[in-house]
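In: One predicted model, sequence on top.
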Amino acid sequence: MDCLFCKILNKEIPADVIYEDDLVIAFNDINPQAPTHALVIPRKHIATTNDIADEDTALVGHMVQVAGKIAKEQGFDESGYRTVFNCNDHGGQTVHHIHLHLLGGKPLGWPPYFDENLKKPLS
Ligand code: 5GP
Ligand code: ZN
């Protein structure tokens, strides 16, 4: 399967891995949007959040818990952070293997903007 994140899982493509266990790995995003920008991904290939099966719900919960553990380890669990799943085109998903973005280490703007320069909310 031609999936970038499966290739990272298989170590065909290098990544800066910061956490791993039997179910998930987490690594730093190549194009960070915050002082910490990590991606938590399941070892199981799931293309989008539309494809999460009943049997995957504990796995997805584990992904969120791991993001919280990384935030604690990096010292911004109390100050706060953001976790995001993007889905398909309008969500801005570019890699079709689900991944939980963990962004932290600075105050983050809300709502998210399509284009930071235009400062226009999504419409
Ligand atoms: P999406 O846009 O699908 O929600 O997020 C994909 C993320 O993967 C982007 O933030 C992008 O910077 C990151 N990314 C894309 N290719 C690579 C790569 O080869 N290595 C790493 N570490 N991150 C990547
Ligand atoms: Zn994959």
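Out: Now that the structure is in, tell me what you want to look at. Residues are numbered from 1 along each chain as shown. Ligands and ions are numbered 1, 2, ... in the order given.
In: From here on, just use CA atoms for contacts and neighbour counts.
Out: OK.
In: Around ligand 2, which positions in this structure sit nearby?
Out: 3, 6, 45, 97 (C-alpha under 5 Å from the ion).
In: Pick out the most distant pair among the residues you listed.
Out: Using C-alpha to C-alpha, these span at most 8.6 Å, a distance reached by 3 and 45.
In: Identify the contacts common to these two.
Out: Shared contacts of residue 3 and residue 45 (C-alpha atoms under 8 Å, 6 or more residues apart in numbering): residue 97.
In: need the helix or strand of this protein with the lowest average pLDDT.
Out: Sorting the helices and strands of the chain by mean pLDDT, DSSP states H and E puts strand 120-121 at the bottom, at a mean of 54.
In: Inside helices: which ones of the residues of the chain next to ligand 2?
Out: Among these, the ones falling in helices (DSSP state H) are residue 6.
In: now the residues of the chain next to ligand 2: which count as buried?
Out: Buried subset of the residues of the chain next to ligand 2 (neighbour count, 16 or more other C-alpha atoms under 10 Å): 6, 45, 97.
In: Not counting sequence-adjacent ones, nearest residue to the first one?
Out: This means residue 6. residue 45 (7.1 Å; C-alpha to C-alpha, 6 or more residues apart in numbering).
In: That neighbour is in contact with residue 95, isn't it?
Out: No: with contact defined as C-alpha atoms under 8 Å, residue 45 and residue 95 do not form a contacting pair (11.3 Å).
In: on that earlier part again, tell me the contacts of the residue nearest to residue 6?
Out: Listed by C-alpha under 8 Å, 6+ apart, the contact set of residue 45 reads 6, 97, 98.
In: Do you know the pLDDT at the second one?
Out: At residue 97 the predicted local distance difference test score is 98.
In: contacting residues for it?
Out: Contacts of residue 97 (C-alpha under 8 Å, 6+ apart): 3, 5, 6, 41, 45, 46, 47, 48.
In: can you put the residues you listed in TSV and add pLDDT and distance to ligand 1?
Out: Shown next, in TSV, are the contacts of residue 97 (pLDDT from 0 to 100; distance: C-alpha to the nearest ligand atom, whole Å):
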residue	pLDDT	distance to ligand 1
3	98	10
5	98	8
6	98	11
41	99	10
45	98	14
46	98	13
47	98	10
48	98	9
